[in-house]
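> got a sequence here, can you build the structure:
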Amino acid sequence: MKKVIVLMFLLFAVAETLVAQRGKDKQPAASERIINIDFNKTAGKLNTQFNACVGAGRANEGLRADWQQQLAYVRKECGFRYIRMHGLLTDDMAVYTEDNKGNPVYNYMYIDVLFDFLQSIGMKPFVELGFMPSALASGGKTIFWWRGNVTPPKDYEKWAALVKDLTRHFTERYGADEVKTWYFEVWNEPNLDGFWAGSQSDYFKLYTYSAKAIKSVNPSYRVGGPGTAGAAWEPEMIAYCNKNNVPIDFISTHAYGVKQGYLDEFGHSGTVLDKNPMSISGDVLQSRKEIAGSAMPQLELHYTEWSASYTPADPIHDSYHEAAFVLQKLKQVGNAANSMSYWVFTDIFEEPGPRFTPFHGGFGMLSTQGINKPVFYAYQFLNKLGNIELVNNDVASWGCKDAAGNMQVLAWDFTNTHPGDSVHNQQYYIRDLPSKSKGKLKINIANVPDGTYALEIYKVGYHVNDAYSTYLSMGRPAQLNRQEVEQIKKQNDGSPVAREIVTVKAGSFTRELEIRENDVFLLNIIRL
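Below you'll find the predicted structure:
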């Protein structure tokens, strides 16, 4: 009897194991994403619109030593070539006054200091003409803590004379050949009442006087606009210039990835990350379509501001989610824009006044104390790509190589985990947000020349080059002392997460990675 019971127990155990095994077999296997690239199949020269230009808050901030140090750093690491900022003509730059007879007095001392510095680090200005010097303004309406005057000029001829004299000064100081490589953009977001106290026709008048003044110095200088919010006024701008024979070389506009909270400097209204998978990029593609169908299809297109959110009090800017978001949008845009200028490179940014907390949702790639945010690494990784793009059907990666035979693969997952309209970004992205697994990422590169390679793998994601999460783990102190800043920098310094020597035989390179939500990977494969 005992033998029978033991035998029955064994049979039940075997049956239970088989049932359990069948249950496992029925479970879905971990998802696998495969990127197939061929070393010999090229798509042409890599389009580097992503680092053509970057934004900064206002010109006067560019006179600060810490601002200049940070810009030199992002120029070196991310390769930005142009920089655009507000407030070049605002009173704190001391550009324009009038004597007691009402005659203009021009002074470019502060502009010279700023632009000389840009020259010294190999950058060029994307010159935004604005805001109105108070001595030339028709009213007292201002915007921001630093009081940029947003009213039309009291005398358009005096405005044109200022623009012409400034352009002549640039030519004398830097040479016509250099200034020909610059861009002149007239005003900022004139379709928003906060930024322009006049009408659309008033803006077109301002643009006309400005463009003709610039071209009178040198017809080869490039001028454009309207620098609007939300991709507005583009067809109207082209039609106006075409009908009235007003010179224009490019269209500029802005786009952000949130749905509410306009011109909210402190984030009090709350923003919500748009669930539309083509937010921002859809606007850029539409802008290009509008230009192509216009009377001036040859115009360049510059998105002179863009980011996930349009308030400098949105914690998504500090989050690791921002790195993957930015890469996703840039990939979707493709060749539609001549530049996509990320707004902005640093949290040294005083539209709502000086900010005192270390992480406050500022626009910057770097904190006020120079801590690299995850989005900084997205741009640094882009800058490491070789100049030859490889054919790649994957929608969230680039494969590249260079003339020396080095290869790079930049791949990411963007998952919009935002819970929806009921929760503001200011409540959601301020939290600790662990990422979920997205399965395996397999990268195959065919026809790789045989040989020995050094493989470096870089990563951004949850708790990896994720300075904000480190800050959270420290208890979110209101201030960081020098040692705490250095600790955060050291834990998030962008070092490779893996290094090894790889021998390629029979022309095949393969690597498999575990990828989680909003991870970003850069594989740098260096031929030895």
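
> hang on, T142 packs against G148?
Yes - when contacts are counted by Cβ atoms under 8 Å, T142 is listed as touching G148 (5.9 Å). In this view, the C-beta of every residue, glycine as well, is placed from N, C-alpha and C.

> list residues touching both of the two?
F131 (Cβ atoms under 8 Å, 6 or more residues apart in numbering).

> what does stretch 395-410 contact?
35, 37, 39, 42, 46, 327-328, 331, 381-382, 384-392, 411-414, 443, 445, 448-449, 509, 520-527.

> out of these, which are buried?
Burial by neighbour count, 16 or more other Cβ atoms under 10 Å: within the contacts of stretch 395-410 this picks out 35, 37, 39, 46, 327-328, 331, 381-382, 384-386, 388-390, 392, 411-414, 443, 445, 448, 509, 520-527.

> so which of these are in helices?
Among the buried ones among the contacts of stretch 395-410, the members found in helices (DSSP state H) are 327-328, 331, 381-382.

> in JSON lines: these, plus distance to Y106 and pLDDT.
Output for those, formatted as JSON lines (distance: Cβ to Cβ, whole Å; pLDDT from 0 to 100):
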{"residue": "L327", "distance to Y106": "44", "pLDDT": "98"}
{"residue": "Q328", "distance to Y106": "45", "pLDDT": "98"}
{"residue": "K331", "distance to Y106": "45", "pLDDT": "98"}
{"residue": "F381", "distance to Y106": "43", "pLDDT": "98"}
{"residue": "L382", "distance to Y106": "40", "pLDDT": "98"}
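
> now tabulate those in CSV and tack on distance to Y320.
Output for those, formatted as CSV (distance: Cβ to Cβ, whole Å):
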residue, distance to Y320
L327, 12
Q328, 14
K331, 18
F381, 13
L382, 16
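
> farthest-separated two in these?
Q328 and F381 (13.5 Å; Cβ to Cβ).

> where do the helices of this structure begin and end?
Under DSSP H, the chain gives helices at 2-26, 65-78, 109-120, 156-174, 176-179, 200-217, 234-244, 281-292, 321-333, 374-383, 425-428, 467-473, 482-491.

> worst mean pLDDT among these?
Among those, helix 2-26 has the lowest mean pLDDT, at a mean of 39.

> now do the contacts for the residue nearest to K164 when sequence neighbours are not counted.
Residue nearest to K164 in three dimensions, not counting chain neighbours: A213, with 4.0 Å by Cβ to Cβ, 6 or more residues apart in numbering. With contact set as Cβ under 8 Å, 6+ apart, A213 has these partners: 160-161, 163-164, 167.

> mind running it again at 6 Å?
160, 163-164 (Cβ atoms under 6 Å, 6 or more residues apart in numbering).

> ok, of the ones in helices among the buried ones among the contacts of stretch 395-410, which one's closest to Q483?
Nearest to Q483 among those, with distances taken as Cβ to Cβ, is F381, at 28.7 Å.

> let me see the contact set for that closest one.
With Cβ under 6 Å, 6+ apart, F381 has these contacts: 410, 522.

> surely I515 is in contact with K438?
Yes - judged on Cβ atoms under 6 Å, I515 makes contact with K438 at a distance of 5.0 Å.

> joint contacts of the two?
In contact with both I515 and K438: D413, using Cβ under 6 Å, 6+ apart.

> which of the two has more neighbours?
The residue with more neighbours, out of I515 and K438, is I515; 24 against 17, by other Cβ atoms under 10 Å.

> with adjacent residues omitted, what lies nearest to the more buried one?
L441 (4.2 Å).

> that neighbour pairs with what?
Counting by DSSP bridges, L441 forms beta bridges with R33, L513.

> for D193, grab the count of nearby residues.
13.

> and what of the one 10 residues further on?
Burial of Y203, expressed as a neighbour count using other Cβ under 10 Å, amounts to 23.

> I figured it was touching L192, is that so?
No - contact criterion Cβ under 6 Å: Y203 and L192 do not qualify, at 11.1 Å.

> show the contacting residues for L114.
For L114, the contact set (Cβ under 6 Å, 6+ apart) comprises 59, 62.

> just the strands in the stretch 301-450 of the chain please.
339-342, 388-390, 397-401, 407-412, 437-446 (DSSP state E, counting those that start in this stretch).

> got the buried residues for the last one?
Right, the one you point to is strand 437-446. 438, 441, 443, 445.

> what average pLDDT does it get?
98.

> and it, how far out from the chain middle?
Here strand 437-446 is found 26 Å from its chain centre; the criterion is Cα atoms, centre = their mean, to the nearest Å.

> kindly report the same for the first one.
For strand 339-342, the gap between its own C-alpha mean and the chain's C-alpha mean amounts to 6 Å (Cα atoms, centre = their mean).

> so what pLDDT did the residue nearest the centre of the chain get?
By Cα atoms, centre = their mean, the chain has its centre lying nearest to Y342, at 2.7 Å. The per-residue pLDDT reported for Y342 equals 98.

> from F414, how far off is it?
16 Å (Cβ to Cβ, to the nearest Å).

> for D421, which non-adjacent residue is spatially closest?
V272 (5.5 Å).

> for that neighbour, give me its contacts.
258-260, 421.

> what residues go with each domain of the protein?
Here the domain parsing of the chain from automatic domain parsing is 32-44+391-527, 47-386.

> which of these is buried the deepest?
When you average the neighbours per residue for each of the domains of the chain (mean count of other Cβ atoms under 10 Å), domain 47-386 leads with a mean of 20.

> spatially, what comes nearest to C78 if we skip its sequence neighbours?
Per Cβ to Cβ, 6+ apart, closest to C78 is Y379, 4.1 Å.

> check V74 too.
F345 (5.0 Å).

> show me the contacts for that neighbour.
F345 is in contact with 54, 74, 365, counting by Cβ under 6 Å, 6+ apart.

> distance of I526 from S495?
With Cβ to Cβ as the criterion, I526 and S495 are 16 Å apart.

> got it, and V163?
Distance from V163 to S495, by Cβ to Cβ: 48 Å.

> now the phi/psi pair for the residue nearest to V74, please.
phi -90, psi -20 (degrees, to the nearest 10).

> for it, report the pLDDT, please.
For F345, the model assigns a pLDDT of 98.

> then K259?
pLDDT, K259: 87.

> the one 4 residues further on too?
On the pLDDT scale, L263 is placed at 64.

> with A29 instead?
Confidence score, pLDDT, at A29: 52.

> ok, now the one 4 residues further on?
Reading off the confidence values, R33 has pLDDT 97.

> again with the one 5 residues further on
On the pLDDT scale, D38 is placed at 98.

> quick check: closest non-adjacent residue to it.
Nearest one to D38, counting by Cβ to Cβ, 6+ apart, is A446 at 4.7 Å.

> again with N60
Leaving aside its chain neighbours, N60 sits nearest to D92 (4.5 Å; criterion: Cβ to Cβ, 6+ apart).

> so how far is N107 from that neighbour?
With Cβ to Cβ as the criterion, D92 and N107 are 12 Å apart.

> try L528
Noted for L528: a distance of 56 Å to N107, by Cβ to Cβ.

> likewise for D177?
Per Cβ to Cβ, D177 is found 26 Å from N107.

> now do A411
Counting by Cβ to Cβ - A411 and N107 are separated by 51 Å.

> same thing with S495?
47 Å.

> ditto for V74
29 Å.

> could you do A378 as well?
40 Å.

> quick one: end-to-end distance for stretch 404-422.
Stretch 404-422 has an end-to-end distance of 52 Å (criterion: Cα to Cα, to the nearest Å).

> likewise for stretch 356-369?
11 Å.
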